[in-house]
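*Asks:* pasting the sequence and the predicted coordinates here, then a few questions.
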Amino acid sequence: MNLKIKSVENTTTFLKKVSFALIFFGERKIRRGFSIKK
């Protein structure tokens, strides 16, 4: 049971990191697109 909880915590933190990275790179791509449009 304890291991299961720990694995769930690891997956949630991993998902948070992935979502943060996606948002970060997405923002950079959007900014690059705006700079190209200008």
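*Replies:* Everything's here; your move. Residues are numbered from 1 along each chain as shown.
*Asks:* list the buried residues of the helix or strand Ser7 falls within.
*Replies:* Of the helices and strands defined by DSSP states H and E, Ser7 is found in helix 2-37. With burial defined by 16 or more other C-beta atoms under 10 Å, not one residue of helix 2-37 is counted as buried. No exception for glycine: its C-beta is placed from N, CA and C like everyone else's.
*Asks:* for it, what is the average pLDDT?
*Replies:* Per-residue pLDDT over helix 2-37 has a mean of 87.
*Asks:* show me what that helix is packed up against.
*Replies:* The contact analysis (3 or more C-beta pairs under 8 Å, 6 or more residues apart in numbering; DSSP states H and E) places helix 2-37 against no helix or strand.
*Asks:* chain center to it: distance?
*Replies:* Relative to its parent chain, helix 2-37 has a centroid offset of 0 Å by C-alpha atoms, centre = their mean, to the nearest Å.
*Asks:* of all residues in this structure, which one is nearest the centre?
*Replies:* Centroid-nearest residue in the chain, with C-alpha atoms, centre = their mean: Ser19, separated by 2.1 Å.
*Asks:* quick check: it vs Gly26, distance?
*Replies:* According to C-beta to C-beta, to the nearest Å, Ser19 stands 10 Å off from Gly26.
*Asks:* got it, and Phe14?
*Replies:* 18 Å.
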